[in-house]
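# coords please:
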Amino acid sequence: MTHPRTAAEIREAFLSFFEERGHVRMPSDSLIPSNDPTLLFTGAGMNQFKNEFLGKGRDLQRATTSQKCLRVPDLENVGATPRHHTFFEMLGNFSFGDYFKHETIPWEWTFFTEVLGWDPDRFVCTVYTDDDESFAIWNEQVGIPAERIYRFGEKENFWPSSAPSKGPNGPCGPCSELYYDQEPGQPLPENAGLEELPGRFLEVGNFVFTQYNRQDGGKLEPLPQKNIDVGLGLERVAAVAQGVANNFETDLFAPILSALQEGSGRSYGSSEADDVRMRRIADHARAVFFCIADGAAPGREGRGYVVRKILRRAIRDGIDLGFDRPFLASLLPAIQETMGAAYPQLHEQADTIQALCAGEEQRFREVYRRGVERLEQQLDQLAADGAKQYPGELAFELHDTFGFPVDITEVVARDRGFAFDQEGFESAMESQRDRARAGTEISDEVFAASVGALVQQAGATPTVFLGYDEDSADGTVQALLVEGQPVSAAQAGQDVLVVLDRTPFYAEGGGQIGDRGTLNDAQGQPLAEVQNARAEDKFTVHQVRAHGSLQVGDIVQAAVDVEARRATERHHTATHLLHAALKDVLGAHVNQAGSAVGPERLRFDYTHPEAPSAEQLREIEDLVLAQIMRSTPVGCRHSSLEEAKQSGVTALFGEKYGDEVRIIEVPGFSAELCGGTHVANVGCIGGFRVLSDRALAAGVRRIEAVAGEVAAQLARQERALLSELESELKSPADRLLERVQALKTQLKEAKQAKVVAAPDAASVRAGLEGDATFGWSHLADLDAEALRTLSDGLRAQKELPAVVVLTGGDSKKVPFVVLCRPESGHHAGKLAKAFGKHVRGGGGGRPDFAQGQGSQGDGLDAAFTAFRQELGATSA
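Purely as a prediction, here's the structure:
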């Protein structure tokens, strides 16, 4: 019998094995969690089944997945150890109130020993101290000898860890772990020593048995619905199946390492330092590519910050490997080779992935160069301050912001004579790890009651949405929440969450804001102002400020603000036209990377490596306007997701869809999957104007535009401004540019005349106050440009003082320059910073020349005197 060996074969074998045992094969959830806003990334197979574990959601009893996961708490270990990864796949099987221990433990054993063909005598396992049931199944039913079954406490073998004694309250249970012995024949360790031999025993499976509900005092009540959550790390399983001691030597990573060797000219295995760099790049490239494919682009905060940090670490390693130009995007084909069949988004989003990575790398290489400069500046400042130690916080700043290697920081600092604050660096790093764990690990509060859960517990049924056809409708109040707690009635003045059985209010989603409006009584009098509507599970939650009494069971008239709804619809349909126009003008690689649609304007983020030209923006705007002029009816139809994708309908970047999708179509121009509200005819949009286009991140741009009445109002404002300019400049509109150019010429000539009238360098040198050490002069009314010009001539003068300060301007604005002769021993940039403090300003520059500006010109004599005293002290 041939056993699965490649990662693809193992993945398919596992999923098929559990399909044959009644499990539904579910697709991997996105790395952006679909139903848990508390998580930055999906970090476990169970994340997408949170509702099922709570006994709600899909009608599902058994499921199996191969889940993409991302965890970042241990970044420093990635590449340095055989097993640590940021991105990995977790093979999983799950039971929601169906089978339990007696089924799942033998099944996993059968998969490992029969399907994969692993030697049964090379396994050891662990169970929770008091879990005699699992011990007996492993020992008597499976056949693992008792001496190969280890009992551990609640810290190691309970989920959440230490839940019985420390909490939190809620669903919990013991867990069991299966290990593969990589050094068979050696004596077995004592019970407490299993984890002391990490190189010998490799954990290949984790089994969580959710069977208790923890209550106050640590009391564990049996759950009526017991659940199973099993996870097997694909990379680890593949390593054992392929007979290698390192995950990075499996077929999942081999093509990436091969590409790195070819590109760098260095051989894997010839240098441990280079090997670590290659392994780290291979891991980080997978993480970044999958994040981008799932809609998490590099950015400045949240998920984007994490993705950018991982990407920059990979680039830094590439620089150390000798890649002198951007290389990371070129690794995509190697990853597509091994994972593209299982995850087609690697092909579908290839242009976006490569464009974003190339843009990020190009920018970071400049950032990295500045990081080196920043380190030198820090060391200069520390030396000037007389410090003896380089602070760990500064090292972490360089490491975190610039991706600068801490080992290089330490070497450079020590070469300059500074001790290195390793403890401070580790403290800052640990704080960062804590923040990362909070965003990527499974939270102990993962089963905390959400708004949706509270509403469901109140007996509410899913809200029926009527807003595609109706602007107002009667609905029954099913639930009221005040300050997060269900109430039977709400009073005037309270902020309330209201759930109706049916509503015309669109719940915020897909980039479109939630509707606003009122909840009225039978006579049409407002009972509450609806400020927003949002989706919670299958409910539309209206955020309202009550004007009167509201009670559960009341029938109210839900009335949408029609004017705001129509304006939002115009902007939403205009967004679809804009998206299609961007693809037409800039290329098919353009993908949506985010959007915000409301009554006042639209914002559309899209992937493109460079700024569109003014001509391209005009062409985009004209294309949208041409569609509006055609007055084409907007179509709406439903189909399966697969049929929609096959027909070429645009599926939005990073968005999640159900099996059935809604398609909004402007025939012959645009077709997108969308759940929002739209105009019936594109002619209803009325008008369209692009306001701006700017870079949002490397490879991602943001365009803002207005439509309808807002665009018309903007045109009126611009016409009024144009008329005012015609009046002020005494020129007709078609000659305004010519008039402005003439005025610019006059201004330039006036400035040149002012420079000519300025004192010459020789007269300034002759008029300097002070002595050979320090000379100064105040030249009233000279601006910064004139001072710079004058200083060029002054430096050519003979017998110039060692330090010269020239000031200009007036009492409210004081530009100044500082000149230092090379043999003076002073740094003009530092002196400018010091002098700036005396005039309520600042400055900086080169060792020989610097400039600055202050806001206090009164009392310059005192400022010169004080600065001279400081200069003397410095010289001494």
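# just the strands in the stretch 351-500 of the chain please.
In the stretch 351-500 of the chain, the strands defined using DSSP state E, counting those that start in this stretch lie at 389-390, 419-420, 464-465, 472-482, 485-487, 489-490, 495-500.
# can you redo those strands as TSV with distance to G859, mean pLDDT and mean neighbour count?
Glycine gets a C-beta too; all of them are placed from N, C-alpha and C. Below are these laid out as TSV (distance: least, CB to CB, whole Å; pLDDT from 0 to 100; neighbours: other CB atoms under 10 Å):
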stretch	distance to G859	mean pLDDT	mean neighbour count
strand 389-390	39	94	18
strand 419-420	43	94	16
strand 464-465	70	97	15
strand 472-482	60	96	20
strand 485-487	62	91	14
strand 489-490	63	94	20
strand 495-500	55	96	24
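# mind putting these in CSV, distance to E621 included?
Converted to CSV, the strands of the stretch 351-500 of the chain look like this (distance: least, CB to CB, whole Å):
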stretch, distance to E621
strand 389-390, 53
strand 419-420, 56
strand 464-465, 33
strand 472-482, 35
strand 485-487, 50
strand 489-490, 47
strand 495-500, 41
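# Would you mind telling me which of those strands is nearest V204?
Evaluated with CB to CB, the strands of the stretch 351-500 of the chain place strand 419-420 nearest to V204, the distance being 39.8 Å.
# in its sheet, what does the closest one sit against?
Strand 419-420 sits in its sheet next to strand 389-390 (parallel), going by DSSP bridges.
# for the residue of the chain positioned farthest from its centre, helix, strand, or coil?
Residue farthest from the centre of the chain, counting by CA atoms, centre = their mean, is A766 at 60.6 Å. With DSSP: H, G, I helix; E, B strand; the rest coil as the basis, A766 sits in helix.
# show me what contacts it?
Listed by CB atoms under 8 Å, 6 or more residues apart in numbering, the contact set of A766 is empty.
# And the helix or strand where L819 lies, how far out from the chain middle?
Here L819, judged by DSSP states H and E, is contained in strand 814-820. Here the centre of strand 814-820 is set off from its chain's centre by 43 Å, with CA atoms, centre = their mean, to the nearest Å.
# Please apply the same query to stretch 282-296.
That offset, for stretch 282-296, works out to 12 Å (CA atoms, centre = their mean).
# domain parsing for the chain?
Following automatic domain parsing, the chain resolves into domains at 7-244, 254-374, 387-445, 451-560, 567-715, 759-875.
# Would you reformat the ones you listed as CSV and include distance to Q381?
Output for the domains of the chain, formatted as CSV (distance: least, CB to CB, whole Å):
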stretch, distance to Q381
domain 7-244, 28
domain 254-374, 11
domain 387-445, 8
domain 451-560, 46
domain 567-715, 30
domain 759-875, 9
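# Go through those and name the closest to R735.
Of those, the one closest to R735 (CB to CB) turns out to be domain 567-715, at 21.2 Å.
# Tell me the span between the first and last residue of the closest one.
With CA to CA, to the nearest Å as the measure, the ends of domain 567-715 fall 17 Å from one another.
# Let me see the mean pLDDT of it.
On average, the pLDDT along domain 567-715 is 91.
# just the strands in the stretch 501-650 of the chain please.
Here the stretch 501-650 of the chain has its strands, by DSSP E, counting those that start in this stretch, at 502-503, 517-520, 526-536, 539-546, 550-551, 555-560, 592-597, 602-607, 635-640.
# Same question for the stretch 101-250 of the chain.
Along the stretch 101-250 of the chain, counting by DSSP E, counting those that start in this stretch, strands occupy 123-128, 149-152, 158-159, 170-181, 201-215, 219-233.
# okay, the ones you listed in TSV with distance to V276 and mean neighbour count next?
What follows is those, written out as TSV (distance: least, CB to CB, whole Å; neighbours: other CB atoms under 10 Å):
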stretch	distance to V276	mean neighbour count
strand 123-128	30	23
strand 149-152	32	20
strand 158-159	32	23
strand 170-181	25	22
strand 201-215	20	21
strand 219-233	21	18
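# so can I have JSON lines of these showing distance to T650?
Output for those, formatted as JSON lines (distance: least, CB to CB, whole Å):
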{"stretch": "strand 123-128", "distance to T650": "49"}
{"stretch": "strand 149-152", "distance to T650": "52"}
{"stretch": "strand 158-159", "distance to T650": "41"}
{"stretch": "strand 170-181", "distance to T650": "40"}
{"stretch": "strand 201-215", "distance to T650": "40"}
{"stretch": "strand 219-233", "distance to T650": "35"}
